[in-house]
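Student: generate coordinates for the sequence data below:
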Amino acid sequence: AVIALARQVGVLHLRAGQHPAPRPRTRPGPQPGSSLRLDVPPGLIGSQHDLILYGFVRPECGACAAALTAFTEVAAGLPGNERALLVSDRDEASTRAFLAANGVSLPVLTGPQLLQANGIPATPYAVVADRVGRIIAASTASSTEQLAAVLGEARHGGQIRRASAPEA
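Tutor: Residues are numbered from 1 along each chain as shown. Below is the predicted model:
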């Protein structure tokens, strides 16, 4: 009985040492390399725009009002090859009223399900994509510092991609 008990304890120790392989952790929200699902009107993004900063907001979001200041400040400092747009899944009238009440004149895209269709976990949220909508970086964004960080990540990632692209 003692030998059987010792074997059973040994088997349990072996099983306890076997852990499943850890799954890679991903951030919630849209992932780099995937594409945004937005119907951007022609002319809103020009051929000169390499990076587009999309700010996902909702009028009823308390943190979004403060984030609008950050989006406006960052948008004002963007170079000519970058563009900032706001996106909301609420109706156009209430979204534009929300922006006007906060003194924001950035272009806005509105439409039902825009946040859900793009996997936006919460607002305010920033996504930086190239001109065809391929996501380069994404993160929550309620401050100028967070926006600067996600833009820096996109700019750095974009430089790596352009540098590794074969010459034509």
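Student: check the gap between residue 54 and residue 73 for me.
Tutor: To residue 73, residue 54 is 16 Å away according to C-beta to C-beta, to the nearest Å. C-beta coordinates here come from the backbone N, C-alpha and C atoms, glycine included.
Student: who's more crowded, those two?
Tutor: residue 54 (27 against 13; other C-beta atoms under 10 Å).
Student: just give me how far the helix or strand harbouring that one sits from the chain centre.
Tutor: Using DSSP states H and E, residue 54 sits within strand 51-56. With C-alpha atoms, centre = their mean, to the nearest Å as the basis, strand 51-56 stands 8 Å off its chain's centre.
Student: let me see the mean pLDDT of it.
Tutor: Strand 51-56 comes out with an average pLDDT of 97.
Student: then stretch 145-158?
Tutor: On average, stretch 145-158 scores 90.
Student: and for the protein, the residue most distant from the center?
Tutor: residue 1 (60.7 Å; C-alpha atoms, centre = their mean).
Student: do you know how far that residue is from residue 147?
Tutor: 68 Å.
Student: any idea how far the residue farthest from the centre of the chain lies from residue 7?
Tutor: 11 Å.
Student: before we move on, what SS does residue 104 have?
Tutor: Of the three states, residue 104 takes coil according to DSSP: H, G, I helix; E, B strand; the rest coil.
Student: once you drop chain neighbours, what's closest to it?
Tutor: For residue 104, ignoring the flanking residues on the chain, the nearest one in space by C-beta to C-beta, 6 or more residues apart in numbering is residue 68 at 4.9 Å.
Student: can you check residue 148 too?
Tutor: For residue 148, the spatially nearest residue (C-beta to C-beta, 6+ apart) is residue 74, at 6.8 Å.
Student: let me see the contact set for the closest residue in space to residue 51 that isn't next to it in sequence.
Tutor: The shortest distance from residue 51 to any non-neighbouring residue, by C-beta to C-beta, 6+ apart, is to residue 82 (4.5 Å). For residue 82, the contacting residues are 49-53, 151, by C-beta atoms under 8 Å, 6 or more residues apart in numbering.
Student: of these, which is the nearest to residue 133?
Tutor: Nearest to residue 133 among the contacts of residue 82, counting by C-beta to C-beta, is residue 52 at 8.1 Å.
Student: which ones are touching the spatially closest residue to residue 56 that is not a sequence neighbour?
Tutor: Leaving out its chain neighbours, the residue that sits closest to residue 56 by C-beta to C-beta, 6+ apart is residue 125, at 4.3 Å. Residues near residue 125 by C-beta under 8 Å, 6+ apart: 29, 55-56, 115, 138-141.
Student: great, nothing more from me.
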